[in-house]
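Q: Okay, predicted coordinates and the sequence, questions at the end:
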Amino acid sequence: MGKEIYSRKIKTPLGLVELIADEKSILAIIMPKEKSRKDVDKLKRQTKMKPLRHRVLDRAERELTKYFSGKLKNFTVPVGAEGTDFQKNVWQSLLSIPFGEVVSCEEIAKKVGCLSFR
């Protein structure tokens, strides 16, 4: 059996959101009406997901609640960035966007050196 994965669905202004975490960090946030994701499907196949109370999920839920109520601008819950080097670069770029700023996909692509963005 692989590592333990924890899951919780929470109510947000966007609808029901599913949080998925391991012992250390958030691995995925599944938005309402989001289509199937290969990375999450793989996690679900390879692990036994537990819908339990867990410190990472508790922290993520608290921070999301504060964010949606306008009381939080910067998240501190650890994010597990598993993927290719390119994906990790993109995620790091996304995490560096200041609260309230809008950045286009093209700007992110340029920042991570993706010259073939269209």
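A: Done, it's in.

Q: contacts, neighbours, all on C-alpha from now
A: Fine.

Q: Mind jotting down where the helices sit in the protein?
A: 38-46, 55-68, 85-95, 105-111 (DSSP state H).

Q: would you turn the ones you listed into a markdown table with distance to Ile20, mean neighbour count and mean pLDDT?
A: Output for these, formatted as a markdown table (distance: least, Cα to Cα, whole Å; neighbours: other Cα atoms under 10 Å; pLDDT from 0 to 100):
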| stretch | distance to Ile20 | mean neighbour count | mean pLDDT |
| --- | --- | --- | --- |
| helix 38-46 | 9 | 12 | 69 |
| helix 55-68 | 8 | 17 | 94 |
| helix 85-95 | 17 | 14 | 85 |
| helix 105-111 | 25 | 14 | 87 |
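
Q: nearest to Gly15, of these?
A: helix 55-68 (11.8 Å; Cα to Cα).

Q: can you list contacts of that closest one?
A: For helix 55-68, the external contacting residues (Cα atoms under 8 Å, 6 or more residues apart in numbering) are 6-8, 10, 12-13, 19-26, 72-73, 75, 77.

Q: chain center to it, what's the gap?
A: 12 Å (Cα atoms, centre = their mean, to the nearest Å).

Q: and if you look at stretch 56-71?
A: So, by Cα atoms, centre = their mean, the centroid of stretch 56-71 is 13 Å from its chain's centroid.

Q: Just the CA coordinates for that stretch, please, in CSV.
A: Extracted in CSV, the C-alpha atoms of stretch 56-71 (Å, rounded to 0.1, in the frame of the first residue of the first chain):
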residue,chain,number,x,y,z
VAL,A,56,-3.3,19.7,6.8
LEU,A,57,-6.9,19.6,5.8
ASP,A,58,-8.0,21.5,8.9
ARG,A,59,-5.5,24.2,8.1
ALA,A,60,-6.4,24.4,4.4
GLU,A,61,-10.1,24.6,5.3
ARG,A,62,-9.5,27.4,7.9
GLU,A,63,-7.4,29.4,5.4
LEU,A,64,-9.9,29.0,2.5
THR,A,65,-12.7,30.1,4.8
LYS,A,66,-10.7,33.2,5.8
TYR,A,67,-9.7,33.9,2.2
PHE,A,68,-13.3,33.8,1.0
SER,A,69,-14.4,36.1,3.8
GLY,A,70,-11.7,38.6,2.8
LYS,A,71,-9.6,38.0,5.9
